[in-house]
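Undergrad: I'll drop the sequence and a predicted model, then ask my questions.
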Amino acid sequence: SGVLLPDAEAAGVEVAARVGADHDGAAFLDRALRGLSVGLAGRDRSVPEFYAARLSPDRLELLLVTPDDAPPYPFVAEDAGTRWCLSRAVEPPWADLAASAPAPLPTLWSVGTDHTGARVLVDLESVRGTLAVTGDPDAARSLVAAAAIELATNRWSDHVRITLVGFGHAIRLVSPDRIRCVDTVAEAAADLVARVSNGQRALAAAGIDSVLTARVRQLAGVGHVPHLVVLATPPDRAAPTELAALAALEAAAAEGTRAPLGILVAGSTASARVLFTVGRDGAVQAGPLGQVAAGQRVTARSFAGLTRLVQTLTATPTGPPEAEAGPGGDEAERVRRALAAPSGVGPNLPGPVGPVDPDAPVGVLLRILGEPAVDAPGLPSPGSPLVVEICLYLALRGPVSVAELAAAMWPFGIAEPDREAVLYRVRDWLGHGPDGHPRLRRDANRVVLSGDVRVDWHLFVALARRGTDGDLRAALDLVRGPLAEPRPAHRYGWLSADPVGYQAVPHIVDVAHRHWCRRMELGDHDGALAAARAGLRAEPVAEALWHDLATAVRVRDGDAAADALLASRRPR
């Protein structure tokens, strides 16, 4: 059974969505915004309202709704306090604190670049209602879709929740934990209006005038989690329910000084508070921010790439013929057909980056078949999920250049001294191998791990290739859950373009089925159940393994037990 890999454009869509553009600028903007939180947190005053920003190669400018001439150092006030500016050459005093500080403007959307080459950003929360993008319909839809993807994946959009209306459901794959796809505005407004209103009341009860102040002071439970609603088209004027739902959302967005809600619509609405116009060439007339050239757009072609990516990730490789495992079914025939079907595992298993002897001693075992983890007797805790991720990347890729490693770990960029400090920490933690040499080795500009640092996926492949009953059982014992899940937020984006991201789960399912076949053939129903359950740990929705599981239960425990198993699965 072959493993489906995405075409270059489909894979590129996901990688681009996770990484974005202008890595250095994005990293600086993220640090600056979080540093602003650090500088504002200790003040006994409200946080001023910002509505937009400009990011140039030289500096960041934050545009204020109401002038304020006393920004925290090293920001400086200009134009009578209507903008706060931070030079990119300044080394801020809060650098060490910024990483753990909240981002105060999570709905800051990068619209495009102006005539000077500066990136223009607008804060969608500050609109306090709908921002409508009119002009060319396809360009408008592409622009607002890109805004949704950017805010679901960028570094400064902490905890943003996005509801897409009328875009279909494929785009949700970009960030399933943040993006929700619905078909109507009424579905989007159903619980969101009440949630925002309750949050505003909680802010008022706490004596907080703005979600910005709540975020900067890191006050929990006072309703400052941001929400963005993005409409592919305006509501039909002939649909009163839809118009009323949009009006309710706009009322919630206008409640209080600033509500944690932004509304973005591709098309004209009579109630829009801010109007942008986009041409077919992508140039945007961004209201008071002036003319900008479109930055990131998700075009129809990109949507097609997303669709193909979804099909790649969700496609189930051709497996054994399946028969219904219901009452009265011919279970003997079902088992016979399953056992006779070729599993296709052996020659199709991908090879590791180098030869792997599954019986050789392992000094450090890196685990990616489930939550990323390390088994390293005698070593202290790695101390950081990033250390584990770096080791997994090197173990899966083999020798790589320092630049390649840095691009995978820090797609938005990292200063060379900071990068070298992290690599030194990894080397120090891994220690020395049996040969007395460091386990993390540098040769010229390349980085590689020693041979006694293994990854569970490579051991799985080596055991499955050897293929004895004991080997298959040992391989499946390595599987603890879905690939690299759960994982830290915004990490492991490189898996989107790495073969293991597409190969591991289908091959685990194949190996589980092959071992199930052998156990059933020997009448070892307990072993068959264990094999199916091991595969389901990696892919909980694998239909073939659910049939395997139900068949083994039916043969061992009877129809009632199998029916109960299948019934318990239906709500999932």
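TA: Done, it's in.

Undergrad: could you pull out the strands for the stretch 251-400 of the chain?
TA: 261-266, 274-278, 284-285, 291-294, 364-367, 373-375, 400-401 (DSSP state E, counting those that start in this stretch).

Undergrad: Within the sheet, what are the partner strands of the fifth one, with directions?
TA: Right, strand 364-367. If you go by DSSP bridges, strand 364-367 pairs up with strand 373-375 (antiparallel), strand 453-455 (parallel).

Undergrad: Now render those as CSV, adding mean neighbour count, distance to residue 560 and mean pLDDT.
TA: In short, each C-beta sits where N, CA and C put it, glycine included. Formatted as CSV, the strands paired with strand 364-367 follow (neighbours: other Cβ atoms under 10 Å; distance: least, Cβ to Cβ, whole Å; pLDDT from 0 to 100):
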stretch, mean neighbour count, distance to residue 560, mean pLDDT
strand 373-375, 16, 39, 90
strand 453-455, 24, 43, 91
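
Undergrad: Let's have those in CSV, adding distance to residue 72.
TA: Output for the strands paired with strand 364-367, formatted as CSV (distance: least, Cβ to Cβ, whole Å):
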stretch, distance to residue 72
strand 373-375, 40
strand 453-455, 45
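
Undergrad: Just tell me which of those strands ends up closest to residue 185.
TA: Smallest distance to residue 185 across those (Cβ to Cβ): 43.2 Å, for strand 373-375.

Undergrad: so when I look at residue 448, I'm seeing a helix, right?
TA: No - under DSSP: H, G, I helix; E, B strand; the rest coil, residue 448 sits outside any helix and is assigned strand.

Undergrad: Of all the strands paired with strand 364-367, which one comes closest to residue 101?
TA: Per Cβ to Cβ, nearest to residue 101 of those: strand 373-375, 28.1 Å.

Undergrad: Not counting the closest one itself, show me its contacts.
TA: With contact meaning Cβ atoms under 8 Å, 6 or more residues apart in numbering, strand 373-375 is reached by 362, 364, 365, 366, 367, 382, 388, 391.

Undergrad: In contact with the one residue sitting closest to the centre of the chain, which residues?
TA: Per Cα atoms, centre = their mean, the C-alpha nearest to the average position across the chain is that of residue 175, at 4.6 Å. With contacts defined as Cβ under 8 Å, 6+ apart, residue 175 is in contact with 17, 149, 152, 153, 162.

Undergrad: Now tabulate the residues you listed in JSON lines and tack on pLDDT.
TA: Shown next, in JSON lines, are these (pLDDT from 0 to 100):
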{"residue": "17", "pLDDT": "43"}
{"residue": "149", "pLDDT": "85"}
{"residue": "152", "pLDDT": "85"}
{"residue": "153", "pLDDT": "80"}
{"residue": "162", "pLDDT": "94"}
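
Undergrad: Name only those of these that count as buried.
TA: 17, 149, 152, 153, 162 (16 or more other Cβ atoms under 10 Å).

Undergrad: for the last one, helix, strand, or coil?
TA: Right, residue 162. strand.

Undergrad: Surely it and residue 145 touch.
TA: No - with contacts counted by Cβ atoms under 8 Å, residue 162 stays clear of residue 145, the gap being 10.7 Å.

Undergrad: so what sits against both of these two?
TA: Shared contacts of residue 162 and residue 145 (Cβ under 8 Å, 6+ apart): residue 230.

Undergrad: so where's this protein shaky on pLDDT?
TA: 1-23, 95-99, 170, 173, 220-224, 294-355, 412, 444, 489, 569-572 (pLDDT under 70).

Undergrad: Would you mind telling me which of the strands of the stretch 251-400 of the chain is nearest residue 134?
TA: With Cβ to Cβ as the criterion, residue 134 lies closest to strand 274-278 of those, at 5.2 Å.

Undergrad: List the strands paired with that closest one, with their directions.
TA: strand 130-135 (parallel), strand 284-285 (antiparallel).

Undergrad: Off-centre distance for the shortest one?
TA: What that stands for is strand 284-285. Offset of strand 284-285 from its chain centre (Cα atoms, centre = their mean, to the nearest Å): 30 Å.

Undergrad: picking up where we left off before, I'd like the contacts of residue 175 written out as CSV, with distance to residue 421 and secondary structure added.
TA: As requested, those are exported to CSV (distance: Cβ to Cβ, whole Å; DSSP: H, G, I helix; E, B strand; the rest coil):
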residue, distance to residue 421, secondary structure
17, 29, helix
149, 32, helix
152, 30, helix
153, 26, helix
162, 35, strand
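
Undergrad: need those residues in CSV with distance to residue 551, can you?
TA: Shown next, in CSV, are the contacts of residue 175 (distance: Cβ to Cβ, whole Å):
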residue, distance to residue 551
17, 40
149, 42
152, 41
153, 42
162, 42
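
Undergrad: Out of those, which comes closest to residue 210?
TA: Comparing the contacts of residue 175 against residue 210 with Cβ to Cβ places residue 162 closest, at 21.6 Å.

Undergrad: quick one: the closest one and residue 74, what's the gap?
TA: For residue 162, the distance to residue 74 equals 33 Å [Cβ to Cβ, to the nearest Å].

Undergrad: what does residue 34 give?
TA: From residue 34 to residue 74 the distance is 14 Å (Cβ to Cβ).
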